[in-house]
Each structure stands twice: as structure tokens, then as C-alpha cells.
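# Let's see this in three dimensions:
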Amino acid sequence: MMDLLLPGITTRRIPTERLTTNILEVENRTDGEPVVFIHGNVSSSLFWQYAMRDLPATFRPIAVDLRGFGDSDPAPVDATRGLRDFSDDVVSLLEWLELDRVHFVGWSMGGGVVLHLLREHPALVRTATLVNPVSPYGFGGTKGVDGVHLEPPGLGAGAGSANAEFVERLSVGDRTADEPVSPRAVLGSSYVKAGFTPEPDDADRWVASMLSTRTGDDNYPGTSEVTPEWPGVLPGTRGVLNTMAPTFFRVDDLDVIEPKPPIYWIRGDSDVIVSDTSLFDLAYLGQIGAVPGWPGDELAPPQPMVSQTRHVLDRYVLAGGRYEELVITDTGHSPHIEKPKEFLATLVESITEYTD
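Prediction:
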């Protein structure tokens, strides 16, 4: 892993009570307000290195490898707990590090982990920054801004929605760009806005990060069940993708928490993963004809992921909380690697603005 680190970034494995967790840190930065970066699905802490390195010295950056990703233990994931296996691991890590009152920054699935931390451990959260986060109603299988379940619940969500060839290429460590579903090709078409060209070393680093994902029933993508209703899949009870199925993940009641830390929602305006027209939502793919047999808007409308997040955060404000939606233009799912300077400036301005 050392050859994948930027100069000044260090790594160590922490033996917490739950599992051994790998973290990245910045050399000689042990003081300052802690900022904990949590990566998304099919990735690792390696995606956060530029943000960590360039964060002002008043902060202490720490990037976590979630279980089954990067160099953390490949512990099984109980999907029936939603993303709580991951959020509980983070809490255990912070206890070992003797840290509290943390700035959390969560990207994509990591945004869902931060939502769990915010909902269940609000006193631990100094600020919560959600970067292109999964909807508070989960990924797939819901309709409308209030996240009503499709019937049967979980329809089209979870591990059954994964592309089998992509999973296979992950499992064998494919580093090529020969096919549209190779990890390198998916990085270029979906993680970033099409047309963004990273430096070769960065592309290699991020592909290696993707390939650190453990595959199988207990990790990515997990187990699935069949159903006669289109598109024929329901979430199983094990593995990563099922943690975000609406049957297991729902964090829409942030209005009840006390205290109410400030929330900053940073997103790219051209995201094709977390979107009201997501290319990873089987209902939207059915609507545009990419998945045959779609039964129509009444039974399986596309999930309005961005609108759902805004709806939940607006309710947070009505209950006395505060949030800001900060849009980075001409950017896809990963503003922290597509426009690192603009992302960092946005992040620093947001979390610096907050004072106890």
C-alpha cells in the first residue's frame, strides 16, 4: 500500500474492540480539531488523500477504511442493521483514539454512515458533511420525496441490482479499461463526470482503491432474493449493497435528535450515481429502456434521490437544525478528486464557520 500514498500520508492499523481498522493520517499532525473522512462503496481511504494533505494545520485529518475495504479487516456485514456495522466500527475507532466532538465527512455510502452517526450519536458530531450522499431513504426501491416503498418492499434494491460482470472484474483484480464495466472504466464514466481525465498515477491509485473491495456474500455485493415482480430482485440479509436497501436503511427522522449539529451537503451537479435520474437505479434504467419489462411510473418510478435528501434536511431546519446545500458545478460523484481545490475550500469554509 505504501506506493499508493502521497508524500506525508501515513497508515496504521488500529486493533479496536470490534475489528482491526486501517486509517490514514498526515505525518506529524496529532493536534487540532479531528476531521474523520469516510469513503464510499467500492473504494477506500485512498480517495481522501488530497483533502487530508491540504487541510489546514488547525485540523487533524483521519481517513478510515471501512470493514471489507482497503486494509481493514474483511469482517462480514450484517445488512439487517443498515449501515450500523460501519458506523459502530467508527465509534469504536474513535474510542480507541480517545476522540470526541469530531467533524465527519462522508462520501456516497459514507454519507449514509455519517447519517447513522448523526442520528444515533449526535453529541459525538461537531459537524456533518455529506458529499454526494446516499439518500436518507436508501438506494433504490422507493418513490417520492418522502421515500414510500415500492411493492414488495425493497423491490429492485440491494445486491441483486449489481452488475455481475463488474463484480467478477473486481474479484479478479482487473486493472484494464477494455470493457465498459471494468473498474477503471466505471471510475471514468461514473465516479467522475465523463471527460474528466486524472493524472495516470492518480487513476492507478483510485483503481487500486476500488480493487481493495472484498467481494462475496458477506461483503460486496451480498446476497439477494428473487421475486416475480419486475425487475425480479429483492435484497438479501448479508453484504454491502443490502445495507442501503430501504428495508434496512432509513434515516429520515433527524428532526428528533438533540443536539442538532450543522450539516453541510456538498454535491457535484453532474452526478450519475446519486441523482434523481441515477444510472444505477433499476427503475430509472427501466424508464429509459435499458432494462426491459419496466411496468411504468405507477409501479416503479425512478427514485428522486437528491430531492429526498433535500426533503429530509428541510425538515431538519424546521425542527431547529441547520444545513447548507453547496453545489460544485461541472462535477460528478467525486468532487474531492475532480475539483480538489474547490472542494477543500468549500469544506474548510463550512467547518471553520462552526464554533461551539
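# Strands along the stretch 201-350 of the chain, start to end?
With DSSP state E, counting those that start in this stretch as the criterion, the stretch 201-350 of the chain has strands at 215-216, 220-221, 224-226, 233-235, 263-268, 323-328.
# distance between the helix or strand harbouring residue 62 and the chain's centre?
If you go by DSSP states H and E, residue 62 is part of strand 59-64. Distance, stretch centre to chain centre, for strand 59-64: 17 Å (C-alpha atoms, centre = their mean, to the nearest Å).
# Looking at the strands of the stretch 201-350 of the chain, spot the one closest to residue 174.
Of all the strands of the stretch 201-350 of the chain, strand 215-216 sits nearest to residue 174, with 11.9 Å by C-beta to C-beta. (C-beta placed from N, C-alpha, C; glycine too.)
# Show me what the closest one is packed up against.
On a contact count with 3 or more C-beta pairs under 8 Å, 6 or more residues apart in numbering; DSSP states H and E, strand 215-216 meets helix 164-171.
# buried sites along the helix it packs on?
166, 167, 169, 170 (16 or more other C-beta atoms under 10 Å).
# Return the closest of those residues with respect to residue 96.
Proximity of these to residue 96 (C-beta to C-beta) peaks at residue 170, which lies at 29.8 Å.
# can you tell me which residues contact the closest one?
Applying C-beta atoms under 8 Å, 6 or more residues apart in numbering, we find residue 170 in contact with 42, 183, 210, 211, 213, 215, 220.
# Let me know how buried residue 228 is, in neighbour terms.
Per other C-beta atoms under 10 Å, the neighbour tally for residue 228 reads 6.
# Pull up the gap between it and residue 130, please.
For residue 228, the distance to residue 130 equals 36 Å [C-beta to C-beta, to the nearest Å].
# again with residue 17
27 Å.
# neighbour count winner among those two?
More crowded of residue 17 and residue 130, by other C-beta under 10 Å: residue 130, with 27 against 9.
# Spatially nearest residue to the more buried one (excluding sequence neighbours)?
Distances taken as C-beta to C-beta, 6 or more residues apart in numbering place residue 111 nearest to residue 130, at 4.2 Å, with adjacent residues excluded.
# Mind telling me what element that neighbour is part of?
Here residue 111 sits within helix 109-120, counting by DSSP H and E.
# how far out from the middle of the chain is whatever helix or strand comes next after that helix?
Next in sequence after helix 109-120, counting helices and strands by DSSP H and E, comes strand 125-131. Here the centre of strand 125-131 is set off from its chain's centre by 13 Å, with C-alpha atoms, centre = their mean.
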